[in-house]
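*Asks:* Need the 3D shape of this:
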Amino acid sequence: MVVAAFWDVIELRMKVFDCLRDDRCDADLASCARVHGTWTNLALNALWLGYPRTQDGSDGDRNRKRTEAIALLPRDRRQDYASRISVLDFSELHSMLVHAMFDRLKFPRLKEVILSNFHNEPKRFRLSKYLQPTLESLKLVDKSTDEDHNWLTSSFLDDVANRCPSLKEVLFWAPYTSINPVDLVQFFRSIRPQAISLDFGEYASEVLTYDVLSALSHYGCLESLVFAPDKAKYADIEVDHLQRFFDATENPFPSLKRLELVLEENAVPLIPQCFPTVTWLRLDVTSYLRDESILKPIANMSQLQILEIVGDGERREYNHTIPARAFIPLGSLSQLKSLKIGTSFYPSCKREEGSEDEDDGFFSPDDKFLIADASDMFSGLTALEHLSINTLEYEGPDHLWESISEFCPRLRSIEFVGALKLLNVVSPNAPILENVTDMAIEQVKASEAALHE
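*Replies:* Now for the predicted structure:
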């Protein structure tokens, strides 16, 4: 009888189980729901409650499918499932018609809302219906190029601050917004989130002022601060604002653990001063001066466990990259577990043989990354478990791999985007990476000598 009653809920069978039948967790819950009548509501609630996002922010398509399923249900049945759902994900559902399907619905368990505006939809079209006291996470991607259709407005910020007292996570990606720094200051002083992600595109340095930084640091509860995650090419915060913030703030960001930002090279020394407690750091730096001491301030952040340093890989302009020898001081980070160096590290000092521009003077003799340099860099990274290096198409030197093998016994995964000599893999004297279980290499270069080994 329980089975019959369960399958009488035809929209559940058609709109939920059919689209989720390949998911092991959902299949188990569906089985539980059909076994015993007392389990039915518990299993239904678990199915519709949604899934927490993983560390990289992904959840597959499951939350989006639930959101779409509600819109497709008969009108008289939508409220039943709206009462169970905790995540509304409109990241790929941009139509006003879809949002109209949610009019007059109540979401008593709603914890997270993800909104997107890619098509210059009318301003906000009653977005306030998703703002409520239970909301803990709000993510808004507004890429409308028309100011009259921007969703991120001062009135929207006021609505969020007044209606969402439990807000813990905020994501605003609005590269074309005309939001005023004064509005952001008022907003950030009205809420107490633990995680904030902001992307204001080329206007970032105009929006992220000293006052905004002070407001972000005001309550001291922020744990994650991500600026311009969408591969921005502009500095997020001007060095003058950072300097003023440091000079005027006694205890800046006391709880901050994660920081991601794009900045100019002269702002690097202010990172450990303005963000002293960070253990997870991602920097996008363009180096015009090619100063070999540029990363020394970062090397003094002994508490770092995750470090990612990237450059502008699209331009591939060597004169704007960090010198290879500048990475040597990072060897002092004895607690570092994950190191990623992307499109800013050229330790080989030569292009691949046969390259059209092999002799174009791209590298300077002063940039050589010697055996002693590799040893100094990796000898202190004994806690390293994950390593990723991107040298584009350039070949990594032999002694780089030898040092990694000698000094990083805990290394479990390694990714190399560039060219690797075959001898470093198949030679009897090839470096041994005993504990590595996951390795990805973009290109292996086989020399004639290697083919005769």
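*Asks:* Domains in the protein, by residue range?
*Replies:* 1-49, 57-140+148-161, 279-453 (automatic domain parsing).
*Asks:* between those domains, which gets the lowest average pLDDT?
*Replies:* Confidence, taken as mean pLDDT, is least for domain 1-49 of the domains of the chain (a mean of 56).
*Asks:* now the helices for the stretch 201-350 of the chain?
*Replies:* Assigned by DSSP state H, counting those that start in this stretch, the helices in the stretch 201-350 of the chain fall at 204-207, 210-217, 239-248, 271-274, 296-299.
*Asks:* Return the set of buried residues in the fourth one.
*Replies:* I take that to be helix 271-274. Judged by neighbour count (16 or more other Cβ atoms under 10 Å), helix 271-274 contains these buried residues: 271-272, 274. Every residue, glycine included, has its C-beta placed from N, CA and C.
*Asks:* Let me know the average pLDDT across that helix.
*Replies:* Mean pLDDT, helix 271-274: 96.
*Asks:* try the first one
*Replies:* Over the span of helix 204-207, the pLDDT mean works out to 85.
*Asks:* Determine the set of other helices and strands touching it.
*Replies:* For helix 204-207, the contact count by 3 or more Cβ pairs under 8 Å, 6 or more residues apart in numbering; DSSP states H and E identifies helix 181-188 as packing neighbours.
*Asks:* Output the contacting helices and strands for the helix it packs on.
*Replies:* Here helix 181-188 touches helix 154-163, helix 204-207, helix 210-217, going by 3+ Cβ pairs under 8 Å, 6+ apart.
*Asks:* Quick one: residues contacting residue 261.
*Replies:* 225-228, 236-237, 282-284 (Cβ atoms under 8 Å, 6 or more residues apart in numbering).
*Asks:* Make JSON lines out of those and add neighbour count and distance to residue 91.
*Replies:* Shown next, in JSON lines, are the contacts of residue 261 (neighbours: other Cβ atoms under 10 Å; distance: Cβ to Cβ, whole Å):
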{"residue": "225", "neighbour count": "22", "distance to residue 91": "22"}
{"residue": "226", "neighbour count": "18", "distance to residue 91": "17"}
{"residue": "227", "neighbour count": "22", "distance to residue 91": "20"}
{"residue": "228", "neighbour count": "26", "distance to residue 91": "19"}
{"residue": "236", "neighbour count": "24", "distance to residue 91": "23"}
{"residue": "237", "neighbour count": "25", "distance to residue 91": "27"}
{"residue": "282", "neighbour count": "20", "distance to residue 91": "22"}
{"residue": "283", "neighbour count": "21", "distance to residue 91": "27"}
{"residue": "284", "neighbour count": "25", "distance to residue 91": "24"}
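*Asks:* Reformat those as a markdown table; add distance to residue 334.
*Replies:* Converted to a markdown table, the contacts of residue 261 look like this (distance: Cβ to Cβ, whole Å):
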| residue | distance to residue 334 |
| --- | --- |
| 225 | 25 |
| 226 | 26 |
| 227 | 28 |
| 228 | 30 |
| 236 | 29 |
| 237 | 29 |
| 282 | 20 |
| 283 | 20 |
| 284 | 25 |
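*Asks:* quick check, nearest of these to residue 380?
*Replies:* Distance to residue 380 across those (Cβ to Cβ) is lowest for residue 283, with 19.5 Å.
*Asks:* Could you double-check that the closest one sits in contact with residue 308?
*Replies:* Yes. The pair residue 283 and residue 308 qualifies as a contact (Cβ atoms under 8 Å) at a distance of 7.2 Å.
*Asks:* Okay, buried residues for the helix or strand residue 63 falls within please.
*Replies:* Secondary structure assignment for residue 63, by DSSP states H and E: helix 62-72. Buried residues in helix 62-72, counting neighbours by 16+ other Cβ under 10 Å, are found at 62-64, 66-71.
*Asks:* contacting residues around the helix or strand just after it?
*Replies:* Downstream of helix 62-72, the next assigned helix or strand under DSSP H and E is helix 75-82. For helix 75-82, the surrounding residues in contact (Cβ under 8 Å, 6+ apart) are 11, 48, 69-71, 73, 101-102, 105-107.
*Asks:* could you check the angle helix 62-72 makes with helix 75-82?
*Replies:* 150 degrees (axes from the mean of the first three to the mean of the last three Cα atoms, to 10 degrees).
*Asks:* Number the residues from 15 up from this point.
*Replies:* Let's use 15 as the start, then, which means that last one is helix 89-96.
*Asks:* Could you identify the helix or strand that succeeds helix 89-96?
*Replies:* Helix 89-96 is succeeded, C-terminally, by strand 101-103 (DSSP H and E).
*Asks:* Would you mind pulling up the elements that that next one packs against?
*Replies:* Here strand 101-103 touches helix 76-86, strand 126-131, going by 3+ Cβ pairs under 8 Å, 6+ apart.
*Asks:* Now do the buried residues in the following helix or strand past it.
*Replies:* The helix or strand immediately downstream of strand 101-103 is helix 110-114, counting by DSSP H and E. In terms of neighbour count (16+ other Cβ under 10 Å), helix 110-114 has its buried residues at residue 113.
*Asks:* circling back: of the contacts of residue 275, just say which sits nearest to residue 310.
*Replies:* Looking across the contacts of residue 275 and measuring by Cβ to Cβ, the closest to residue 310 is residue 297, at 13.4 Å.
*Asks:* Quickly note the distance from that closest one to residue 146.
*Replies:* 37 Å (Cβ to Cβ, to the nearest Å).
*Asks:* quick one, what contacts the closest residue to residue 343 other than its chain neighbours?
*Replies:* Spatial nearest neighbour of residue 343, excluding adjacent residues (Cβ to Cβ, 6 or more residues apart in numbering): residue 313 at 3.7 Å. With contact set as Cβ under 8 Å, 6+ apart, residue 313 has these partners: 343-347.
*Asks:* and if we set it to 10 Å?
*Replies:* Residue 313 makes contacts with 286, 307, 321, 340-347, 394, as judged by Cβ atoms under 10 Å, 6 or more residues apart in numbering.
*Asks:* Equivalent analysis for residue 217, please.
*Replies:* Applying Cβ under 10 Å, 6+ apart to residue 217 gives the contacts 188-193, 248.
*Asks:* From residue 223, how far off is it?
*Replies:* Separation of residue 217 from residue 223 (Cβ to Cβ) stands at 12 Å.
*Asks:* Now render the helices and strands packed on helix 195-202 as TSV, adding mean neighbour count and distance to residue 417.
*Replies:* Below are these laid out as TSV (neighbours: other Cβ atoms under 10 Å; distance: least, Cβ to Cβ, whole Å):
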stretch	mean neighbour count	distance to residue 417
helix 168-177	16	50
helix 218-221	18	38
helix 224-231	20	39
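*Asks:* Take those and lay them out in TSV including distance to residue 95.
*Replies:* Listed next are the helices and strands packed on helix 195-202 as TSV, based on distance: least, Cβ to Cβ, whole Å:
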stretch	distance to residue 95
helix 168-177	23
helix 218-221	39
helix 224-231	37
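*Asks:* hmm, back to that, could you turn the buried ones of the contacts of helix 89-96 into a ChimeraX selection?
*Replies:* Selection of the buried residues among these in ChimeraX, burial being defined by 16+ other Cβ under 10 Å:
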select :25,62,83,84,85,87,115,116,119,121
